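Novice: sequence first, then the predicted structure, then my questions.
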Amino acid sequence: MAKHPARSAVRYIGMRRSARLAELSAEAVREGREDRAIRYVSLARAVCGKSQTPMPEGFAYCRECLLPLLPGVNCTVRLTGGKVVSACPRCGTVRRMPYIREQKEARFERTGRHQNDGEGSEEGVNQAQR
């Protein structure tokens, strides 16, 4: 009987293959070959599922039609009400992702405070007990 490859090796190979397929799909979109780009995304999803790895970080695709979404090339991105709204040009699917965490971090950087400063911090509790 043949030995199974190590799980870490399978995951490493799966991550490399899915990353390459994501690159190829982005190139295909830029060239106007949407059918090929969709095929690359479906292959990348299959590889990720088989190797139990996530899709490459920063790679966005439409969950309905599997078209890779490249802002400024083939999708519209808007910022409204604490959300990033991206729309697929092919099927019209709208995806909304909150960015409240980034807004809070920027606010605390401007004011020079951190979330744990002020009321409710351990220092404030210790001073009140003395």
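Specialist: Received the coordinates, thanks.

Novice: can we go C-alpha only for contacts and neighbour counts from here?
Specialist: Will do.

Novice: name the nearest residue to residue 68, sequence neighbours excluded.
Specialist: Closest residue in space to residue 68, ignoring its immediate chain neighbours: residue 61 at 4.0 Å, by CA to CA, 6 or more residues apart in numbering.

Novice: same check on residue 93?
Specialist: Closest to residue 93 by CA to CA, 6+ apart is residue 87, at 5.7 Å.

Novice: next one: phi and psi at that neighbour?
Specialist: phi -120, psi 140 (degrees, to the nearest 10).

Novice: look up how far residue 54 lies from it.
Specialist: When distance is defined by CA to CA, to the nearest Å, residue 87 is 22 Å away from residue 54.

Novice: state the pLDDT value of the residue nearest in space to the middle of the chain.
Specialist: Residue closest to the mean C-alpha point of the chain, counted by CA atoms, centre = their mean, is residue 58 at 4.5 Å. Note for residue 58: predicted pLDDT of 91.

Novice: and residue 70, by the same measure?
Specialist: 94.

Novice: residues contacting it?
Specialist: By CA atoms under 8 Å, 6 or more residues apart in numbering, the contact list for residue 70 reads 26, 60.

Novice: do the same with residue 79
Specialist: If you count contacts by CA under 8 Å, 6+ apart, residue 79 has them with residue 85.
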